[in-house]
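Asks: build me a structure from this.
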Amino acid sequence: MTTSSFNDEHRLPASILSVDWNDWITFLHAQDAPAKLAALQRMLKPLVPDEITLFCRSDSVWTCCWAGADRKSWPDEITPDNAWNTLSDLTLLPGGKTIWLKLSQTPPTLLKLCRTQPWSAADCAWIDPLRFLACAHANAFGQLQSRHHEIRVFHQILDQIPTHLWIADAKTYEILFMNRAMKAAFQLDSPEGQPCWKILQREMNGPCRFCPLPDLLSQSKTALPQKQGDQINTLNQRIYCNHDSLIPWIDGRLVHFQHAIDVTESHRLRLDADTDALTLIPNRRAGLRKLEELLEQVGQGELSMTAAMLDIDQLKMVNDQFGHLEGDLLICQISRTIASLLPQEDLFFRLSGDEFILAFVNQTTDIGSALLNQAQQRLRQWGETEKKAYRCSFCFGLIPVNAGTQLSCSTLLSQVDDAMYTQKRLLHIQLKESEKAQMQLADYHGEVSFRYDSAYLYDALVESTDDYIFINNMHDDVFRYPQAMVEEFGLPGQIVRNAAAVWGEKVHPDDKAAFLEANQIILDGRATSHNVEYRALNQRGEWVWVRCRGKVIFDDNGNPVLFAGLIFNLSRKNKTDRITGLFNKMVYREEAQRLLSRRPDTPLAIMQLGLDDFRHVNDLYDRSFGDEVLRISAQRIMSLLPENAEVYRLDGDEFGILISGCQTEEIRKIYKKLQTAFDQQMIYEGQRYYCTLSAGCAVYPQDAKVFLELVKAAGYALEQAKLNGKNRLEFFTRQILARKIRSLGIIEKMRESIAQEYAGFFLMYQPQVSVTTGQWIGFEALARWQKAPYGYVPPDEFIPLLEESGMIVPVGRWIFRQACEKCAQWSNREPALTMSINLSYLQLTEPDFIDYMQETLAATQVDPHRIIVEMTESVIASRAHALEHLFQRIHDLGIRIAMDDFGTGYSSLEMLKKMPADIVKIDRAFVHGVDASNFDESFIQFIVAICHKVNIEVCAEGVETEAEFQILYPMNVDTIQGYYFGKPMLENEVEQKLRLMENAESGGMR
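Replies: Got it, this is the predicted structure:
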């Protein structure tokens, strides 16, 4: 490369567009050298130079007056003297890995750029505009010599830019400058002096409504206000990304500076990727992305919205009878109609074939409903005008999403889908009742012909059992029922057209939604079988529970021809549960024993289900609502089971499932479907609830050979699932049985201990040490239990059993009194010693426990300020509101509160804000190995800093090594507890240590 390669005709590459144009402006107008050079360094950053050096000459001596980037030892290929003498005026001199640029004559100033790799011609093209900057600056540290020269050179610089640049007066909109590229694109010769809106837009009588100037002027008190956005130009229909800012002009007035980049092609590509090809509205991918953005704004309290889901009515019928082109026409017409009514800020996209999603921003459900009803009216008018022989409408559901609501996209779609299907079920009823009203009475008395293929009928019958057998010819929607069912329920005849409406009249109002939805999913083709229970009115005016199980039969071409199955009259034997309609536990036992006796060689699995935390539903609402949740849960479970499984209602919130002839992997798949269905928030009559599902399973013959043993094993497995975190399936094992037998034995022995004045229970005390002094400042009282034949039982085993059995209440009181007595006794030797005592949530729920604490403090004469009660973070977090008044009463006694196991479960930082804790005990999981974990070290530092800021003490638990202590020591943790300073000790061991401390000259023991 030679210096001649840099000439006045050279143009900048497109990558120059990444330069911030404010840096060009700063370089031109800044009064001080540091600001100019900082702007220069930012402009040269894309080149990634390893060294940027500025040389000035004074008295024939070159001085390095400024250096940037990394200084290294560079070979001087060219000295400043050689560079100055070789360079012609304002010309670049490339030389391998070094480039020199002459910036000014007075004083002589050179810019040197170094890099480890040689400079290419493309690299040097980045620096080319600096020749014009050099022209504009006779002195890198002073003012321009000539204002005219500044304007000329500034125009030259901007004319080199291939994108569109123009400057206009901020008050008059008069264009002061437009660069060469923009003039050529808009075919303008002399736009200067004319208002921008007149020559850059079509048929404007004043400033554009999207003009950025008002916003920029409102921010003009800030330095260089800026705005960026995309806009379509009305003259050439091109899309530009506009970068607008206000800058001071050479005469002091404010001017509007715009840099516009043509992004039409990239917009078109992005638009194609985000647009539904049929409707030309956003597709699922783009719509869900925008919906997530809106939900984030909602969660931050910036806006509210009403969400809606639309489902086109009878689209499948339109496609089948009139062709898919007609179906596509209906989809497009509905899309256009709705889009024409929406404000620009609302979201509307196609979710799937016949489903659409709407988000009305900052609008109520009433407004959203009114708009959609208006769209329905326009669609009906269109259908009448076009003489369409099908229904031109859609179903929709609406839900409000208030500002501040935290909601995921999937949860929102689930909720709005539920709302939409409520209307779809109503439509289904209306359509069926409308068909019935048009029928003649004779149709109900056998005059309607019924045709079916006996081979397909046989296939349906063999998959069923004997009770009320029904058959539906899916071509003409005619049902045939048995005479026994006609007589029991007063049907008009065996052959019935529009059976959903006729039989639907017999269904209990509370069960009609489930009945209709089960039929609708068959009609929609979303399922090939159904299993639903509901109450029906018989001839005697009685509501009886029935169970309907049906299956769709297809012909050789895959077309549905028959829907056939069975309707069981569950109330005949009076063995159904009155709440859920399921068979009760008596039938559960009978059916299991029947299967075991009649099919002894066939595996049988018993899965016992329990709704997790169901008591919260009853506590939050009431018992009747809880009953409805049980009924809904029963229907959901039943609808998801395969044909070889039956569900039964047991006691409380538990259900039993018998699964015949299946293997372990099939059982896992069944539970996975159930788990997925329950692992989400539900809504019933506007009330929200959340109950996951735990399961325990036992299998014949490997786990047990008789029913009672199988039930017991499944129950033990369910208990284990709950203990292991809930919302999971556990299979029965011999280890579970052994643990259960051991647990039952320990519970009985602990009852015996309590009856024997707590024989076998004792306390150990672990010292807590001051980090600054190394002295003991307190103890934590730790409960222990030992009794034959079990010997010493670890606390993590017997304490949960105490809580499960309720014995934690008397044992907890005994522990509290024993610890208070020891604290009072030992405080005589060391007055500053404290005693930490663990409390269970069950203890706090005892109405008189706080009174007991007060009585114990008085009886033992212990200083309340020396007593600290500890509760785990998880307990506090899950029940903070309920415990708030109890915490206040504890503080009123003078007792301090410690939050134990901090950082392991809930929103820890939020708990620091809400919980009136005096002490935070960082869980040993963060302390163990802290010397090898940057995360744990940073976490502890962070927590200590926050706690100390709000006057909360910090104790680190589980310190076991010198290395861990050395990491914690400089963090200013208040106290440390762990094996490194002392293991839990018996009472006599503590007293021996305290006597040694009294006798020690230092008064303390490390």
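Asks: can you measure across stretch 922-929, start residue to end residue?
Replies: Terminal residues of stretch 922-929 lie 14 Å apart, using Cα to Cα, to the nearest Å.
Asks: list the buried residues of it.
Replies: By neighbour count on 16 or more other Cβ atoms under 10 Å, the buried set for stretch 922-929 is Ile922, Asp923, Arg924, Phe926, Val927, His928. For the C-beta atoms, the positions are set from N, CA and C on the backbone; glycine is no exception.
Asks: now do Thr845 against Thr872, distance only.
Replies: 15 Å (Cβ to Cβ, to the nearest Å).
Asks: look at the two and report which has more neighbours.
Replies: Ranked by neighbour count (other Cβ atoms under 10 Å), Thr845 and Thr872 place Thr872 first, with 21 against 13.
Asks: the more buried one reaches Asp901, doesn't it?
Replies: Yes: judged on Cβ atoms under 8 Å, Thr872 makes contact with Asp901 at a distance of 4.7 Å.
Asks: show me where the stretch 701-850 of the chain has strands.
Replies: Ranges of strands within the stretch 701-850 of the chain are 729-731, 761-770, 776-787, 791-793, 834-838, based on DSSP state E, counting those that start in this stretch.
Asks: out of those, deepest packed?
Replies: Burial of the strands of the stretch 701-850 of the chain is given as mean neighbour count (mean count of other Cβ atoms under 10 Å); strand 834-838 ranks first at a mean of 23.
Asks: what helices and strands are in contact with it?
Replies: In terms of contacts (3 or more Cβ pairs under 8 Å, 6 or more residues apart in numbering; DSSP states H and E), strand 834-838 is packed against strand 776-787, helix 808-827, strand 867-872.
Asks: give the buried residues for the longest one.
Replies: Neighbour counts using 16+ other Cβ under 10 Å place 808-809, 811-813, 815-824, 826-827 of helix 808-827 among the buried residues.
Asks: inside helices: which ones of the buried residues of stretch 922-929?
Replies: Members of the buried residues of stretch 922-929 lying in helices (criterion: DSSP state H): Arg924, Phe926, Val927.
Asks: nearest residue to the middle of this protein?
Replies: Geometric centre of the chain, nearest residue: Ser408, 4.9 Å, by Cα atoms, centre = their mean.
Asks: my read: that one touches Val298, true?
Replies: No: if you go by Cβ under 8 Å, Ser408 and Val298 don't touch, sitting 11.4 Å apart.
Asks: check contacts around Ile746.
Replies: Listed by Cβ atoms under 8 Å, 6 or more residues apart in numbering, the contact set of Ile746 reads Tyr790, Val793, Glu797, Phe798, Leu801.
Asks: which among those residues gets closest to Thr116?
Replies: Glu797 (65.3 Å; Cβ to Cβ).
Asks: now the closest one. Nearest residue, chain neighbours left out?
Replies: Ile746 (7.4 Å; Cβ to Cβ, 6 or more residues apart in numbering).
Asks: ok, now Gly404?
Replies: Gly301 (4.5 Å).
Asks: what about the one you found, distance to Lys787?
Replies: Counting by Cβ to Cβ, the separation of Gly301 from Lys787 is 57 Å.
Asks: what's the answer for Ile943, then?
Replies: Distance from Ile943 to Lys787, counting by Cβ to Cβ: 40 Å.
Asks: repeat that for Gly323.
Replies: Here Gly323 is placed at a distance of 82 Å from Lys787 (Cβ to Cβ).
Asks: can you check Lys749 too?
Replies: Counting by Cβ to Cβ, the gap from Lys749 to Lys787 is 5 Å.
Asks: point out where the stretch 751-900 of the chain drops to low pLDDT.
Replies: Residues of the stretch 751-900 of the chain that meet the criterion pLDDT under 70 lie in 873-882.
Asks: actually the stretch 151-300 of the chain, sorry about that
Replies: The low-confidence ranges in the stretch 151-300 of the chain, as defined by pLDDT under 70, are 151-157, 220-224, 250-252, 269-272.
Asks: can you give me the strands in it?
Replies: Assigned by DSSP E, counting those that start in this stretch, the strands in the stretch 151-300 of the chain fall at 164-169, 175-178, 226-232, 239-248, 254-262.
Asks: tabulate these (JSON lines), appending distance to Ser340 and mean neighbour count.
Replies: Converted to JSON lines, the strands of the stretch 151-300 of the chain look like this (distance: least, Cβ to Cβ, whole Å; neighbours: other Cβ atoms under 10 Å):
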{"stretch": "strand 164-169", "distance to Ser340": "34", "mean neighbour count": "21"}
{"stretch": "strand 175-178", "distance to Ser340": "37", "mean neighbour count": "22"}
{"stretch": "strand 226-232", "distance to Ser340": "19", "mean neighbour count": "14"}
{"stretch": "strand 239-248", "distance to Ser340": "23", "mean neighbour count": "18"}
{"stretch": "strand 254-262", "distance to Ser340": "30", "mean neighbour count": "21"}
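Asks: can I get those strands in a markdown table with distance to Ala513?
Replies: Formatted as a markdown table, the strands of the stretch 151-300 of the chain follow (distance: least, Cβ to Cβ, whole Å):
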| stretch | distance to Ala513 |
| --- | --- |
| strand 164-169 | 61 |
| strand 175-178 | 66 |
| strand 226-232 | 47 |
| strand 239-248 | 49 |
| strand 254-262 | 56 |
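Asks: nearest to Ser694 among the ones you listed would be which one?
Replies: strand 226-232 (52.1 Å).
Asks: what lines up beside that closest one in the sheet?
Replies: Strand 226-232 sits in its sheet next to strand 239-248 (antiparallel), going by DSSP bridges.
Asks: got the contact list for the partner strand?
Replies: The contact list for strand 239-248 (Cβ under 8 Å, 6+ apart) reads 21-22, 25, 29, 164, 170, 212-213, 216-217, 220, 224-233, 254-264, 267.
Asks: cool, stretch 327-341 as well?
Replies: 278-281, 310, 312, 315, 318-319, 348, 350, 354, 356, 358, 371-372, 374-375, 378-379, 382, 390, 392, 394.
Asks: neighbours around Thr98, how many?
Replies: Using other Cβ under 10 Å: Thr98 sits among 22 other residues.
Asks: my guess is it contacts Thr116. True?
Replies: No: look at Thr98 against Thr116 with Cβ under 8 Å: they stay out of range, at 11.0 Å.
Asks: which non-adjacent residue is nearest Trp814?
Replies: Tyr758 (5.2 Å).
Asks: tell me the phi and psi of that neighbour?
Replies: Dihedral pair for Tyr758: phi 70, psi 30, per degrees, to the nearest 10.
Asks: look up how far Leu886 lies from it.
Replies: In this view, Tyr758 and Leu886 are 25 Å apart by Cβ to Cβ.
Asks: list the contacts for the residue lying closest to Ser743 once chain neighbours are set aside?
Replies: Once flanking residues are discounted, Ser743 sits nearest to Leu801: 5.8 Å by Cβ to Cβ, 6+ apart. Residues near Leu801 by Cβ under 8 Å, 6+ apart: Ser743, Ile746, Ile747, Met750, Met807.
Asks: so which of those wins on neighbours?
Replies: Highest neighbour count within the contacts of Leu801, by other Cβ under 10 Å: Met750, with 23 neighbours.
Asks: surely Glu846 meets Val809?
Replies: Yes: assessed by Cβ under 8 Å, Glu846 is found in contact with Val809 at 5.8 Å.
Asks: wait, doesn't Cys114 sit right on Glu51?
Replies: Yes: the pair Cys114 and Glu51 qualifies as a contact (Cβ under 8 Å) at a distance of 4.0 Å.
Asks: neighbour count winner among those two?
Replies: Between Cys114 and Glu51, Cys114 has the larger neighbour count (other Cβ under 10 Å), namely 22 against 17.
Asks: phi, psi of that one?
Replies: Main-chain dihedrals, Cys114, degrees, to the nearest 10: phi -120, psi 150.
Asks: circling back to that earlier point, what about the residue nearest to Trp814, distance to Met853?
Replies: For Tyr758, the distance to Met853 (Cβ to Cβ) stands at 18 Å.
Asks: which one's more surrounded, the two?
Replies: Neighbours per residue (other Cβ under 10 Å) separate Tyr758 from Met853, with Met853 holding more: 24 against 16.
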